[in-house]
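>>> what shape does this take:
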Amino acid sequence: MNRFKVSKLRHTEARLPRREAWINDIRAGTAPSCGNHIKSSCSLIVFNSDRLGVLGIVPLEDQGEDKRHVAHLGCHSDLVTDLDFSPFDDFLLATGSADRTVKLWRLPAPGQTLPSVPGVVLEEDLPVAVLQFHPTADGILVSAAGTAAKVWDAAKQQPLAELAAHGDLVQSAVWSRDGALVGTACKDKQLRIFDPRAKSQASQRTQAHENSRDSRLVWMDTQEHLVSTGFNQMREREVKLWDTRLFSSALASLTLDTSPGGPRTRWLGLFQGERQLYCYEVAPQQPALSPVTQCVLESVLRGAALVPRRALAVMGCEVLRVLQLSDTAIIPISYHVPRKAVEFHEDLFPDTAGCVPACDSHTWWAGSSQQVQKVSLNPACRPWPSFTSCLVPPAEPPTDRAQPREPPVGDADPRTDPSGFSSPPSSLTSPSTPSSLGPSRSSTSGIGTSPSQRSLQSLLGPSSKFRHTQGTVLHRDSHITNLKGLNLTTPGESDGFCANQLRVAVPLLSSGGQVAVLELRKPGRLPDTALPTLQNGAAVTDLAWDPFDTHRLAVAGEDARIRLWRVPPEGLEEVLTTPEAVLTGHTEKIYSLRFHPLAADVLASSSYDLTVRIWDLQAGAERLKLQGHQDQIFGLAWSPDGQQLATICKDGHVRVYDPRSGPEPLQEGPGPEGGRGARIVWVCDGRCLLVSGFDSRSERQLLLYAADALASGPLAVLGLDVAPSTLLPSYDPDTGLVLLTGKGDTRVFLYELLPEAPFFLECNSFTSPDPHKGFVLLPKTECDVREVEFARCLRLRQTSLEPVAFRLPRVRKEFFQDDVFPDTAMSWEPVLSAEAWLRGTNGRPRLLSLQPPDMTPVSQAPREAPARRVPSSAQYLEEKSDQQKKEELLNAMVAKLGNREDPLPQDSFEGVDEDEWAKYLAQIIVMGVQVVGRAFARALRQEFAASRAAADARGRAGHQSAAASNLSGLSLQEAQQILNVSKLSPEEVQKNYEHLFKVNDKSVGGSFYLQSKVVRAKERLDEELRIQAQEDKEKGRTPKT
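Residues are numbered from 1 along each chain as shown. Okay, here's the model as predicted:
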């Protein structure tokens, strides 16, 4: 009878959504791997992005917004090869990577901050290929790396069993539905069945597919049947149905078309092709693979995932939902069975496994075979029991009370500006704690964070006057295009190219170490014919323009020589084969060249021979040699006064030399933990050193050192993101800004650096649509000060060179912004000769004003200071209507938000009318009032009742207390909550203050922000005690103690 039975899924149809329902503006990764590229829980979607080791995260359902925003989580230092959600906890994610680790992450609900570190890390010996959570027990997962598969107890972070009887790389490892068996597919063309609790050897094995290309497995609902996919000898895609009771041969087999892309099993007979999705129904009763429907896709398939059955629209007869991952979008494809009645159809939706595990890892390993209790998909049976895994506990919600090691949400700077330039989140840690990875996001500060929240957050905490910086690529008329044959393999210690105010030098890939010299004053399309070049004779490792001679170029080569070239004033019009001079002395290839900032004809070079040599170019000879390095020198930098030289080395040390006093370092300190690369630069007028490098987990970070105290370690450590390239810092001493980016990056980070806390002030970053091959800062004289352009850079692309201007939005551009443009050093004129510097003479650079003759400084511009309107004290005593009280409360809230004790310089220069800002903020708050409605009205009545009671109790002192609250920005109730003081007592206030100030110190993982909150609360309570004491004194009573 079975073979005549009609399938209830025979009319299933695939419904492609409209483009409005797509999740757009993503960049999916295309790197091949054996695991999943996209995965979904009932709440979130996670997918591989185009950035190495970074995942994109987006809500499964929209949050009432027109567009779902994508957040990015830096997980690993290498390719993410597989990912899986816990079947019980929608926010518990496991990731495997080629960096040989498996990590478990607790993802937040939409709109909250992403985690900075994983909750659990499992170490593998080889790159991880695949992983999967256990279907019945919490805390158990299987992973495959190399030729072995391991069953892990994630709670104990140790393997329970190792399934190592494989002859080649394991390509798939999956649990049976009851969690008793593990099936694996291997590159040796064998399928194996393991019972990990019984023995580590395979209990069954059989020949699967005759081709060793990718193979996948999936178990059916029963323990006996499983489906495998792979290739046959003719490279045709092949699907087979297996019965573990008759494992010697397949029950059924199906051959699909020939394709370079492999089929991937996606649960119950769903297979992935290049532009097609095949859906098959598997019938184990009469072994068969019956086609149900075929869907032609609009774009190439990069990955596919099934949405859990608990998240399906069962009332619409949605039996399946596939998430197609393409290069730029996630497309939800729904499979529906047409039914006339809009009701729950039990025949289509049998009970499914719930989200409460049957047992824990210990019970399962002891032999338990308990199964997960099933739940009905009928909406009338909801809600289902929920479960939160204890493997990675949820983060505590932020509160107003100061707590150690937990900065509040309001401490974050704004992440997105209306201009469209996003700032990367980051984590600032004390030197005693390892840096944490900040969640890197696209255009939002979280999943679904609203612009109004970010606007209010911008008023909290310290911020830079450059925080609204806008990076803009200048007009195409200023670009140099049609670049061909660029050398993109220069060492990581090199910037890749160099530029001055006249020319750009770019290494070419052709033999002989050729260098092209392009004129910045002649933009446009380069000819298709070969360019005149400098024939260096050896592969180029680094190059630098002489800052005091715009026509001289120093080029380092792999032959351990430095060649000095003289470019004609009219530009390079023919091939040059003979350099002006050749410097020899190094015994290994040279990595870095740095000209002296003040003395002419002085050049420093570092080499793989572990020395730094200082050259007198006028004499063409080596003058000084610095020693003490134990490994490769990643970078070197002159101090601004030219007296000292700093280096960063692969041996994990930062060193500072006085070259004229001796070859050994004056100071040594600990550098970054990672050995993948690093850069160093002097900042803060030479008082500090900034080092960009990697931590022990290969995550990029910044370390700030006091230049006179290297041995004590960094003052602060800032974790950024995960990327393979070293961050190249470009520091502007006039503004204190550092621009950081790496080769192959699409983002340029901007930070203002301070020698004291908070050390790093985040500014808007610049994001480009495609990766750049290099990024250098041009001299200050190239900036257009009339447009408040404080930095101009050159961005090297694959085939073009384009200028990027960084500007600060200002209202009164007709005035010279003297707070942005202080007198700048004339870095193009030498102060000393090489001979004088070598004799010990020091000098100071001459300064130049950037103010145009026809502009007046904005600090001298006439301006009327707007008077702050403060209501009189009598207004608080008279009876007012509810509408008047509501308006006064709104005005007070606006005044409180706008009252900052540390106004920024541009706040006094720009001439922005404060009433406009107050009106804008009032509109936001009024919108909130309209949404909250009656609840907000009740809160208003309670607030005014409490205010009247407090005023009646204190009389005239109440007005003094209100004034104190207005001045400090904290109410008495807020101050008491912060210090956890229920009754005003000087002893209790002092005791709690000392305790909270100590536990929030940066050396124990706290932050200066929390400490500042504690100090301000203490000041507010002290003022309240003073007011009470004054009142008691006037009444002739003894002050309360």
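>>> ok, P462 touching F760?
No: look at P462 against F760 with C-beta atoms under 8 Å: they stay out of range, at 10.1 Å. Every residue, glycine included, has its C-beta placed from N, CA and C.
>>> longest helix of this structure, counting residues only.
Looking across the chain with DSSP state H, the single longest helix is helix 1008-1034.
>>> by contact count, what packs against it?
Packing partners of helix 1008-1034 (3 or more C-beta pairs under 8 Å, 6 or more residues apart in numbering; DSSP states H and E): helix 956-968, helix 972-979, helix 986-999.
>>> can I assume Q207 is in contact with C186?
No: applying C-beta under 8 Å as the test, Q207 and C186 come out as separate, 11.1 Å apart.
>>> ok, the two, which is more surrounded?
C186 (24 against 12; other C-beta atoms under 10 Å).
>>> may I have the beta-bridge partners of that one?
In this entry, C186 is beta-bridged to V170, by DSSP bridges.
>>> then Y657?
L645.
>>> so it sits against S639, correct?
No: counting by C-beta under 8 Å, Y657 stays clear of S639, with 10.0 Å between them.
>>> of those two, which one has the most company?
Using other C-beta under 10 Å as the criterion, Y657 and S639 rank with Y657 on top: 24 against 19.
>>> quick one: D542 from W565, how far?
14 Å (C-beta to C-beta, to the nearest Å).
>>> what's the answer for P393, then?
Here P393 is placed at a distance of 62 Å from W565 (C-beta to C-beta).
>>> those two: which is more packed in?
Set side by side, P393 and W565 show more neighbours around W565, with 22 against 10, by other C-beta under 10 Å.
>>> quick one: end-to-end length of stretch 112-126, please.
End-to-end span of stretch 112-126 (C-alpha to C-alpha, to the nearest Å): 34 Å.
>>> and what of stretch 366-380?
Stretch 366-380 end-to-end distance (C-alpha to C-alpha) = 37 Å.
>>> same check, this time on stretch 712-729
23 Å.
>>> swap in stretch 374-393?
For stretch 374-393, the end-to-end distance is 25 Å (C-alpha to C-alpha).
>>> give me the buried positions along that stretch.
375-377, 387-389, 391-392 (16 or more other C-beta atoms under 10 Å).
>>> show me the shaky parts of the stretch 151-300 of the chain.
257-274, 284-287 (pLDDT under 70).
>>> tally of neighbours for R309?
When neighbours are counted by other C-beta under 10 Å, R309 registers 18.
>>> now it. Nearest residue, chain neighbours left out?
Closest residue to R309 apart from its sequence neighbours, by C-beta to C-beta, 6 or more residues apart in numbering: T352 at 4.9 Å.
>>> how about the contacts made by the one you found?
309-310, 374-375, 377 (C-beta atoms under 8 Å, 6 or more residues apart in numbering).
>>> between the helices and strands packed on helix 1008-1034, which gets the lowest average pLDDT?
Least confidently modelled of the helices and strands packed on helix 1008-1034 is helix 956-968, at a mean of 55 by mean pLDDT.
>>> ok so D78 is a strand residue?
No: using DSSP: H, G, I helix; E, B strand; the rest coil, the assignment for D78 is coil, not a strand.
>>> thought it was touching T101?
No: in this structure D78 lies outside contact range of T101 using C-beta under 8 Å: 9.1 Å.
>>> for R106, give me phi and psi.
Recorded main-chain torsions at R106 are phi -100, psi 100, according to degrees, to the nearest 10.
>>> for burial, what's the neighbour tally of it?
Per other C-beta under 10 Å, the neighbour tally for R106 reads 20.
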